[in-house]
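In: model the structure of this input:
(chains A, B, C and D)
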There are 2 protein chains.
Amino acid sequence: MTTRRAPRLIDIAEAVGVHVSTVSRVLNGDPAQSVRPELSELILATARQQGYRPNALARALKRRRTGALAFVIPLLRNPIWVRMQRGALQRAAERGYVVMIMEEPGDEPQPPGHYRYLVEESRADGLLLATALRAPAHAAGVPGVPHVYVNRRGPVRGNDVVMDESGAVRLFLGHVAGQGHRRVALIDGPAAVDTVHRRTLAARRICAARGIRLIVRHAAPTEAGGWEAADSLLRAGQSPTACGVGSLNQLFGVMAALRARGVGVPAAMSVVSFDEDECLAFLDVPVTSVAMPLAELGAAAVDAVLTRIEREPAGDVMVSDPMRLVPRRSVGRCPA
Amino acid sequence: MTTRRAPRLIDIAEAVGVHVSTVSRVLNGDPAQSVRPELSELILATARQQGYRPNALARALKRRRTGALAFVIPLLRNPIWVRMQRGALQRAAERGYVVMIMEEPGDEPQPPGHYRYLVEESRADGLLLATALRAPAHAAGVPGVPHVYVNRRGPVRGNDVVMDESGAVRLFLGHVAGQGHRRVALIDGPAAVDTVHRRTLAARRICAARGIRLIVRHAAPTEAGGWEAADSLLRAGQSPTACGVGSLNQLFGVMAALRARGVGVPAAMSVVSFDEDECLAFLDVPVTSVAMPLAELGAAAVDAVLTRIEREPAGDVMVSDPMRLVPRRSVGRCPA
DNA sequence: CTGTTAGCGCTTTCAT
DNA sequence: ATGAAAGCGCTAACAG
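Out: Numbers count the residues shown, from 1 in each chain, chains lettered A, B, ... in the order given. As a prediction, the model looks like this:
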């Protein structure tokens, strides 16, 4: 593996017999000053022939812009993150940026400020943060660094890119209420997760308005967490007849607990997942879900950091792409 | 958000009243020449107080090393990648590198050479490739760029970091053979995926040696792929009594197909997954799996690119950390 | 139209 | 023990 030296601007300048700045102008398509077309052609051809690639380091050092974004995601197995990543990756590529995905190294999420070093060391121009919690340790934010919070709101308004969780909850409640359910549960992650917070708030408001009895259970965003929450619900004997579940991992636990206790789905309990995933269609009881515009969220987040990097005025954004209910077989009429 | 300028070496040099080179030496702990301890203290203190962070760009430009690695993973929902990522991230951090995770933008994997631009543009020092296929389009490799293939072998030997797939298959076959099974199926991804290739090869060899009848089915690495493969197996009427499944997503499809056809697990068919995941314990029939050392693979891959970046002699590596069979309830004795 | 010049922030000989 | 100077590869005024 002969790691040969990459061709530089000066190499192609010498080959053509002009100054580097001329080459730079041509290669950057500088519209200000024009270059003799034939020379331009020659430079372009030589660059191509030498396999020239601009050194991102040198360029970034000069331009004071790295052309990279850092996307910090929690260490969760939940597939929603890959969909968001995909949206972000694509939009960033369209806008000439690369995105480096940083995963939280441990199980305890670092406060968002932990990642400012990426910008301070000029490794990235801005931060996409999907890890903020509603917790004192996270209240400091990331002052002085271009950033947005993705799918979670930060400690203060102004840099949030989120989806319409309340709309998702309304979709869920409308669907089960339409089947006659009047006692409903929401099993979701820790209240410190902003997405969860907004879902529970919306659920309380909507249920109050529609005269639906609501029970909320917070649990770890894992299979075991879902199991415990569902189990405690059943033990408490307040048995709701329909239940929304915040994440795919919890859903597996919920379905297992219901199965273990002999609670039929949807005969005795209707279930809806707030994460859509292909695998839901293949479970022993295929599970109805609310599909959210995750790729669009990722793309919108990229747009949002970029406007901040470019120091243009910006505010919170709520992704308005449609979400939809994916009906499968886990929802039925309310038992008498 | 007042994006204030980051402190530079020269800022702290001026504050202390020394030359930048002195500050650089102190901050880098240069062992060659010594600096007056009190001065050293002062410099360190000032740097800390100013919140100095070295500009990775400038440093990299000078050192001709970026301190970054790019890890290219396929766009799959399979959770094995997050485990590998975790291992890689941690090891890289220990060794002073950051890793940027690149996900394939589309569904068709790019040939590995597509990513050489990351090194050529000095965005990364080396490549971790988890996307190579056994296909003519991928045969070119990535000459001239430090790289390793992770969990897949490249077009030529010498840069591969893999796990003992053959050992995993042996674990599976030993387990089911121990339960009396003599007709076994392997449902796995496309043969162009090297991991799949090695598993099928091992399965054929071991089955031949042990007098086990083997049927192999290749399918898309998705729920639907698993469904079709299992279904075609049942339709063909050659009904094996045990079956290994290459990926978690396929597994959902396989279980669904078996359920749909009324084939009891494990009564009529024993099933083993080659991906371990927590959710397996919560399925209607908890599924036995082979757990592989994925985090160790990620870490080993980082070590491997780094030796290549440092131009030290290096060869293929097989991660030797133990794998284990996780027994659950999807394997039973061979029916009479 | 094209060349000259001056850095971006840092490391690293080479002097002193 | 510390300073001076050169330069990594590129861009962007400013000249001519």
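In: please make it C-alpha for all contacts and neighbour counts, starting now.
Out: Will do.
In: so what's A:Arg153 scoring on pLDDT?
Out: A:Arg153 is assigned a predicted lDDT (pLDDT) of 96.
In: for the residue lying closest to A:Leu75 once chain neighbours are set aside, give its distance to DNA strand C.
Out: Spatial nearest neighbour of A:Leu75, chain neighbours left out: A:Glu104 (5.4 Å); criterion: CA to CA, 6 or more residues apart in numbering or on different chains. The gap separating A:Glu104 from DNA strand C is 26 Å, by CA to the nearest atom of the strand, to the nearest Å.
In: who touches A:Glu104 in this structure?
Out: A:72-75, A:110 (CA atoms under 8 Å, 6 or more residues apart in numbering or on different chains).
In: out of those, list just those in strands.
Out: A:72-73 (DSSP state E).
In: and which of the contacts of A:Glu104 is nearest to B:Gly29?
Out: A:Gln110 (28.1 Å; CA to CA).
In: okay, the closest one and chain B: tell me how far apart.
Out: A:Gln110 sits 15 Å away from chain B, going by CA to the nearest CA, to the nearest Å.
In: near that residue, how many other residues are there?
Out: Each residue near A:Gln110 was counted by other CA atoms under 10 Å in any protein chain shown, and the total is 17.
In: that one: what's it in contact with?
Out: Contacts of A:Gln110 by CA under 8 Å, 6+ apart are A:104, A:131.
In: model confidence at it, what's the number?
Out: pLDDT, read off for A:Gln110, is 90.
In: and the helices in the stretch 101-250 of chain A?
Out: With helices called from DSSP state H, counting those that start in this stretch, the stretch 101-250 of chain A shows them at A:116-120, A:165-178, A:194-210, A:223-236, A:248-260.
In: between the ones you listed, which gets nearest to DNA strand D?
Out: helix A:116-120 (18.0 Å; CA to the nearest atom of the strand).
In: residues touching the closest one, excluding its own?
Out: Contacts for helix A:116-120 (CA under 8 Å, 6+ apart): A:70, A:124-127, A:142, A:145, B:6, B:53, B:55.
In: try 10 Å this time
Out: A:65-66, A:68-70, A:122-127, A:141-147, B:5-7, B:51-56, B:98 (CA atoms under 10 Å, 6 or more residues apart in numbering or on different chains).
In: off-centre distance for it?
Out: 20 Å (CA atoms, centre = their mean, to the nearest Å).
In: secondary structure class for the residue nearest the centre of chain A?
Out: Nearest to the geometric centre of chain A sits A:Met84, at 4.2 Å (CA atoms, centre = their mean). The three-state assignment at A:Met84 reads helix, by DSSP: H, G, I helix; E, B strand; the rest coil.
In: please report how far it lies from A:Val161.
Out: Separation of A:Met84 from A:Val161 (CA to CA, to the nearest Å): 12 Å.
In: list the contacts for the residue lying closest to A:Gly113 once chain neighbours are set aside?
Out: In space, and not counting its chain neighbours, A:Gly113 is closest to A:Val142: 4.9 Å by CA to CA, 6+ apart. Applying CA under 10 Å, 6+ apart, we find A:Val142 in contact with A:111-116, A:127, A:148, A:154-155, B:1.
In: and for A:Val161?
Out: A:128-130, A:148-154, A:297-298, A:300-305, A:315-319.
In: is any part of the helix or strand bottoming out on mean pLDDT in chain A close to chain B?
Out: Sorted by mean pLDDT, DSSP states H and E, the helices and strands of chain A end with strand A:98-103, the least confident at a mean of 87. Yes: for strand A:98-103 and chain B, the contact criterion (CA under 10 Å from any CA of the partner chain) is met by A:98-103.
In: can you give me the angle that strand makes with strand B:98-103?
Out: 110 degrees (axes from the mean of the first three to the mean of the last three CA atoms, to 10 degrees).
In: for strand A:98-103, which helices and strands make contact with it?
Out: Applying 3 or more CA pairs under 10 Å, 6 or more residues apart in numbering or on different chains; DSSP states H and E, one finds that strand A:98-103 contacts strand A:68-73, helix A:80-94, strand A:126-129, strand B:68-73, helix B:80-94, strand B:98-103.
In: so which of the contacts of A:Glu104 is the closest to A:Val263?
Out: A:Leu75 (32.2 Å).
In: check contacts around the closest one.
Out: With CA under 10 Å, 6+ apart, A:Leu75 has these contacts: A:81, A:102-109, A:131, B:82-83, B:85-86.
In: ok so, going back, how much space between the residue nearest to the centre of chain A and B:Ile101?
Out: From A:Met84 across to B:Ile101, the span is 14 Å (CA to CA).
In: now for the closest residue to A:Val162 other than its chain neighbours, how many residues are close by?
Out: Leaving aside its sequence neighbours, A:Val162 sits nearest to A:Asn151 (CA to CA, 6+ apart; 4.5 Å). Using other CA under 10 Å, A:Asn151 has 26 neighbouring residues.
In: any idea how chain A splits into domains?
Out: A:9-53, A:63-163+A:294-319, A:165-292 (automatic domain parsing).
In: alongside DNA strand D, which residues does the stretch 1-150 of chain A contribute?
Out: A:8-10, A:20-21, A:24, A:28, A:53-56, A:58-59, A:61-63 (CA under 7 Å from any atom of the strand).
In: quick check: the farthest pair among those?
Out: A:Ile10 and A:Arg63 (18.6 Å).
In: which one's more surrounded, the two?
Out: Remark: of A:Ile10 and A:Arg63, A:Ile10 carries more neighbours, 16 against 10, as counted by other CA under 10 Å.
In: how far away is A:Arg83 from B:Glu104?
Out: 12 Å.
In: for the closest residue to A:Met269 other than its chain neighbours, which residues are in contact?
Out: Excluding the flanking residues, the one nearest A:Met269 by CA to CA, 6+ apart is A:Thr241, at 4.7 Å. Counting by CA under 10 Å, 6+ apart, A:Thr241 touches A:176, A:180-185, A:265-271, A:331-335.
In: what comes up buried for stretch A:276-294?
Out: Neighbour-count burial for stretch A:276-294 flags A:276-277, A:279-294 (criterion: 16 or more other CA atoms under 10 Å in any protein chain shown).
In: among those, which are in strands?
Out: Per DSSP E, the buried residues of stretch A:276-294 map to strands at A:288-291.
In: mind exporting stretch A:306-315 as CSV, just the C-alpha atoms?
Out: What follows is stretch A:306-315, C-alpha atoms only, in CSV (Å, rounded to 0.1, in the frame of the first residue of the first chain):
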residue,chain,number,x,y,z
LEU,A,306,-26.8,26.0,8.9
THR,A,307,-28.8,29.1,9.3
ARG,A,308,-27.2,29.5,12.7
ILE,A,309,-23.8,28.9,11.4
GLU,A,310,-24.5,31.6,8.8
ARG,A,311,-25.6,33.9,11.6
GLU,A,312,-29.0,34.4,10.0
PRO,A,313,-32.0,35.0,12.3
ALA,A,314,-33.6,31.8,13.3
GLY,A,315,-36.1,30.4,15.7
